[in-house]
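>>> coordinates for the following, if possible.
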Amino acid sequence: MDGKKISLEKLIAYGSKDAVVENLKEAGCSEDTIHCCMECLNDGRKEELLKRLESHRSGLLDKVHEGEKQIDCLDYLVYQIDCCRGDE
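Numbering: from 1, shown residues only. Down below sits the predicted model:
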């Protein structure tokens, strides 16, 4: 990096730090993650900021996949129960 700070206005269309914080909260980020992200933003550490956001995104996606597996298990159970109904 050439030492230039990340301009909030150039980085995203939010235009205010409060809007960035709100977005991070809505994305499920912890207070610690929000604090670290805002420090990265303020200090111009774009690459570190992107890594933190990607890490959080990856964690959310893992939870989605876990939920999908749980739904698959329930769907299979319902299927098995439906199959047994015909045997009565």
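>>> what is the burial count for Asp18?
Asp18 has 9 neighbours, counted by other CB atoms under 10 Å. No exception for glycine: its C-beta is placed from N, CA and C like everyone else's.
>>> just the element for it, please.
helix 17-26 (DSSP states H and E).
>>> what's the helix or strand hosting Arg52 packed up against?
Taking DSSP H and E as the criterion, Arg52 maps to helix 46-85. Using 3 or more CB pairs under 8 Å, 6 or more residues apart in numbering; DSSP states H and E, the elements in contact with helix 46-85 are helix 31-43.
>>> now the angle between helix 46-85 and the helix it packs on, please.
150 degrees (axes from the mean of the first three to the mean of the last three CA atoms, to 10 degrees).
>>> who are the packing partners of helix 31-43?
helix 17-26, helix 46-85.
>>> quickly, which of these bottoms out on average pLDDT?
Among the helices and strands packed on helix 31-43, helix 17-26 has the lowest mean pLDDT, at a mean of 92.
>>> for it, buried residues please.
20-21, 24 (16 or more other CB atoms under 10 Å).
>>> tabulate the CA atom coordinates of it in CSV.
Only the C-alpha atoms of helix 17-26 are listed here, as CSV (Å, rounded to 0.1, in the frame of the first residue of the first chain):
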residue,chain,number,x,y,z
LYS,A,17,-19.1,5.8,9.7
ASP,A,18,-22.3,5.3,11.6
ALA,A,19,-23.8,3.7,8.4
VAL,A,20,-20.8,1.4,8.1
VAL,A,21,-21.1,0.3,11.8
GLU,A,22,-24.9,-0.3,11.3
ASN,A,23,-24.2,-2.4,8.3
LEU,A,24,-21.6,-4.5,10.2
LYS,A,25,-24.1,-5.0,13.0
GLU,A,26,-26.8,-6.1,10.6
